[in-house]
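# build me a model:
(2 chains)
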Amino acid sequence: MSKSIREDGRNYNELRPIKIKAGVLERADGSAYIEVGGNKILAAVYGPRESYIRRLIEPNTGIVRCKYNMAPFSVDTRKRPGPDRRSTEISKITAEALRPALMLENYPRSMVDVYIEVIEAEGGTRCAGITCASVALVDAGIPMRDMVVGCAAGKVNDEIVLDLSEIEDKQGQADLPIAIMPRTGDITLLQCDGNLSEEEFNIALDLAMDGCLEINKLQKEALMDEYSNDD
Amino acid sequence: MTKIIPEITRESIINLVNDDKREDGRELDEYRSISIETDVISKAEGSARVKIGGTQVIAGIKPQLGEPFPDTPDLGILMTNCEMLPMSDPTFEPGPPNDDSIELARVVDRGIRESELVDLEKLCVEEGKQVWMLFIDLDIIDNCGNLFDACELAVMAALKSTKLPSVSMDGEEVVLDSENTIDLPINNKVAMCTFVRIGEKLIIDPSLIEEEVSDARLNVAVTEDGKICSMQKGGSLSLTRDEVSDCVHMAILKTKELMNYI
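Below is the predicted model of the structure:
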């Protein structure tokens, strides 16, 4: 297969370097830290706790809320603090991406809060945020069917490639961020923008799913590092 | 606001769909009747009212000259906003757009933006100084389900009907001529097809009650030449790999039908 080398020297199916650490914060019920290339992201989980927002209470299940936030210093031009339309949307779909994995049916009228703070951004923050939040949810001891792991594929210079960097995201022709539950391969988040044929879409989806499985190994390693009693 | 659906209603709708039937008698892949009316607001430079079954939305386009973004000094600007009016649904609250409304506007916006159907280069008046900013505003006036497809159709139809004042330069001054208008430069079409899963099956163009019973959603926007330009998954449960591929395949076929309305 003729696959050219990318601007940062990676192969078409190669992830950026990833580092994950579980249990990095004291006060939160669960927390994690992730680096994916130049991304640096923290996630914290509180709950399940009694929902103090009455209109959100579900009588037969718990709910999950998410706040995705970018620090003002996380990008080249300072980002105005506070929620904007992009972060509101990402918060919503992140909560929906995590929800299928959580067994909240046993916690009626309660809520789980997930906070994702991007302290440095370099493309692909929503996927890395989900990957990190999932580790934090395990760290919080919330019953889960599976973990959730996010990764993107896309089209750059007419080639389908894995895990777009910031430059590739800006110059690329398409971006397909997904999140899956790795045991079953079920898709819990899927967005797409750009220009893809049906065939290209299917190739990109498979590539992104392979990327997710690879990242999932690192999630598990991070949890083993935190919780194994070997040393 | 939490919506509570009686178990008996939920069960009956799921059972119907599992037998390939729907409460309003449609096929699983059948749209409700669609009607599009353009130029419904004469004060707006472009407008359209779209009905899909009982769902009704109005899109209005207002262009304004303004400064371009520093990283794209020679490109016009698109901005999409959506008002889910309290008149359209008893559960919609007044106030600033909530996350549903922002998601709807952004998904519709990406369909338009990523298909590159508006020639943004031609919206540049003076590089780095003045470009056309197209404000795309959506009013949801009656919510009977599937706002995504209705809004995308409305914006597409409104853009096609948009007339910009012609611009000339008098020295440093920009002169607008509203008598002599030009058509907005458009070189593609886009339509969105929305699927929800009920029980084990995927259906197209969900009615309100079908939306409420469904557990997963997928929006697929496709251009006239059959390319996927935007997608978004929603809902509380996951979709399988095969379900997603089936949706994409079906969306490419179904959006061809929708293109005929524009």
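# next secondary structure element downstream of the host helix or strand of A:N69?
For A:N69, the host element (DSSP states H and E) is strand A:63-70. The helix or strand immediately downstream of strand A:63-70 is helix A:85-98, counting by DSSP H and E.
# so which bits of the longest helix seen in chain B are buried?
Looking across chain B with DSSP state H, the single longest helix is helix B:241-259. For helix B:241-259, burial by neighbour count (16 or more other CB atoms under 10 Å in any protein chain shown) applies to B:241, B:243-245, B:247-248, B:250-252, B:254-255, B:258-259. All C-beta atoms are positioned from the backbone trio N, CA, C, and that covers glycine.
# then stretch A:163-171?
Quick answer for stretch A:163-171 (16+ other CB under 10 Å): A:163-166, A:168-169.
# any chance of these in JSON lines, plus pLDDT?
JSON lines is the format used below for these (pLDDT from 0 to 100):
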{"residue": "A:D163", "pLDDT": "97"}
{"residue": "A:L164", "pLDDT": "96"}
{"residue": "A:S165", "pLDDT": "95"}
{"residue": "A:E166", "pLDDT": "94"}
{"residue": "A:E168", "pLDDT": "95"}
{"residue": "A:D169", "pLDDT": "93"}
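# now for these, which pair is the farthest apart?
Spatial extent of the buried residues of stretch A:163-171 (CB to CB) is set by the pair A:D163 and A:E166 at 11.4 Å.
# returning to that earlier point: is the longest helix of chain B positioned near chain A?
Yes: contact of helix B:241-259 with chain A (CB under 8 Å from any CB of the partner chain) involves B:241, B:244-245, B:248-249, B:252.
# list the contacts of that helix.
A:185, A:187, A:190, A:198, A:201-202, A:205, A:209, B:29, B:31, B:34, B:149, B:153, B:189, B:191-193, B:195, B:197, B:202, B:204, B:218, B:220-222, B:224, B:226, B:228, B:231, B:233, B:239 (CB atoms under 8 Å, 6 or more residues apart in numbering or on different chains).
# recalculate using a threshold of 7 Å.
A:185, A:187, A:190, A:198, A:201-202, A:205, A:209, B:29, B:153, B:189, B:191, B:193, B:195, B:197, B:202, B:204, B:218, B:220, B:222, B:224, B:226, B:228 (CB atoms under 7 Å, 6 or more residues apart in numbering or on different chains).
# show me how far that helix is from its chain's centre.
Distance, stretch centre to chain centre, for helix B:241-259: 16 Å (CA atoms, centre = their mean, to the nearest Å).
# and the helices in chain B, which stretches?
In chain B, the segments counted as helices under DSSP H are B:7-18, B:99-114, B:147-160, B:208-213, B:241-259.
# and these, which is most packed in?
Highest mean neighbour count among the helices of chain B (mean count of other CB atoms under 10 Å in any protein chain shown): helix B:147-160, with a mean of 27.
# who are the packing partners of that one?
Where contact means 3 or more CB pairs under 7 Å, 6 or more residues apart in numbering or on different chains; DSSP states H and E, helix B:147-160 is packed against strand B:34-38, strand B:46-52, strand B:55-66, helix B:99-114, strand B:130-142, strand B:190-198.
# name the residues of the second one that are buried.
For strand B:46-52, the buried set under the neighbour-count rule, 16+ other CB under 10 Å, comprises B:46-52.
# adding pLDDT and distance to A:A133, write those residues out as TSV.
Formatted as TSV, the buried residues of strand B:46-52 follow (pLDDT from 0 to 100; distance: CB to CB, whole Å):
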residue	pLDDT	distance to A:A133
B:G46	95	41
B:S47	96	42
B:A48	96	40
B:R49	96	41
B:V50	97	37
B:K51	96	40
B:I52	97	36
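# next, the buried residues of the top helix by length along chain A.
Counting by DSSP H, the longest helix found in chain A is helix A:198-227. The neighbour-count criterion (16+ other CB under 10 Å) identifies A:198, A:200-202, A:204-205, A:207-209, A:211-212, A:214-216, A:218-219, A:222-223, A:226 as the buried residues of helix A:198-227.
# ok, it near chain B or not?
Yes: contact of helix A:198-227 with chain B (CB under 7 Å from any CB of the partner chain) involves A:198, A:201-202, A:205, A:209.
# quick one: secondary structure of the residue nearest the centre of chain A?
With distances taken as CA atoms, centre = their mean, A:I130 lies nearest the centre of chain A, 2.1 Å away. The three-state label given to A:I130 by DSSP: H, G, I helix; E, B strand; the rest coil is helix.
# surely it touches A:A97?
Yes: in terms of CB atoms under 7 Å, A:I130 counts as a neighbour of A:A97; the distance is 5.3 Å.
# now do the contacts for the nearest residue to B:D100 once chain neighbours are set aside.
Nearest-residue entry for B:D100: B:M84, 6.8 Å, with adjacent residues in sequence omitted and distances by CB to CB, 6 or more residues apart in numbering or on different chains. By CB under 7 Å, 6+ apart, the residues touching B:M84 are B:92, B:100-101, B:140.
# A:G47 and A:D113 touch, don't they?
Yes: between A:G47 and A:D113 there is a contact at 5.7 Å, judged by CB under 7 Å.
# looking at the two, which one has more neighbours?
More neighbours surround A:G47 than the other of A:G47 and A:D113, with 22 against 18 (other CB atoms under 10 Å in any protein chain shown).
# which helices and strands sit right next to the helix or strand containing the more buried one?
Assigned by DSSP H and E, A:G47 belongs to strand A:39-50. Helices and strands touching strand A:39-50, as assessed by 3+ CB pairs under 7 Å, 6+ apart, comprise strand A:30-36, strand A:110-120, helix A:125-139.
# relative to A:A179, which of those is closest?
Among the helices and strands packed on strand A:39-50, helix A:125-139 comes nearest to A:A179, with 4.9 Å by CB to CB.
# circling back to that earlier point, which of the contacts of helix B:241-259 count as buried?
For those, a burial check counting by 16+ other CB under 10 Å picks out A:187, A:190, A:198, A:201-202, A:205, A:209, B:153, B:189, B:191, B:193, B:195, B:197, B:202, B:204, B:218, B:220, B:222, B:224, B:228.
# how about low-confidence regions in chain A?
Applying pLDDT under 70 to chain A flags the ranges A:1-4, A:230-231.
# residues from it in reach of chain B?
So far as CB under 7 Å from any CB goes, chain A lies against chain B at A:55, A:58, A:85, A:88-89, A:92, A:96, A:99-100, A:181, A:185-198, A:201-202, A:205, A:209.
# go again with 6 Å.
Residues of chain A lying near chain B by CB under 6 Å from any CB of the partner chain: A:85, A:88-89, A:92, A:99-100, A:185-198, A:201-202.
# quick one: buried ones out of those?
Listed as buried from these are A:85, A:88-89, A:92, A:99-100, A:186-196, A:198, A:201-202; burial here means 16+ other CB under 10 Å.
# can you show me the CA trace of stretch A:169-186 as CSV?
C-alpha atoms of stretch A:169-186 as CSV (Å, rounded to 0.1, in the frame of the first residue of the first chain):
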residue,chain,number,x,y,z
ASP,A,169,-7.5,19.0,11.3
LYS,A,170,-7.3,22.5,9.9
GLN,A,171,-5.9,21.6,6.5
GLY,A,172,-7.8,18.3,6.2
GLN,A,173,-10.8,17.5,4.0
ALA,A,174,-12.7,15.5,6.6
ASP,A,175,-12.8,14.7,10.3
LEU,A,176,-14.6,11.8,11.8
PRO,A,177,-14.4,11.7,15.6
ILE,A,178,-16.0,8.6,17.2
ALA,A,179,-16.3,6.9,20.6
ILE,A,180,-16.9,3.3,21.1
MET,A,181,-17.4,0.7,23.9
PRO,A,182,-14.5,-1.5,23.1
ARG,A,183,-15.9,-4.9,24.2
THR,A,184,-18.8,-4.8,21.8
GLY,A,185,-17.6,-2.2,19.4
ASP,A,186,-20.9,-0.2,19.8
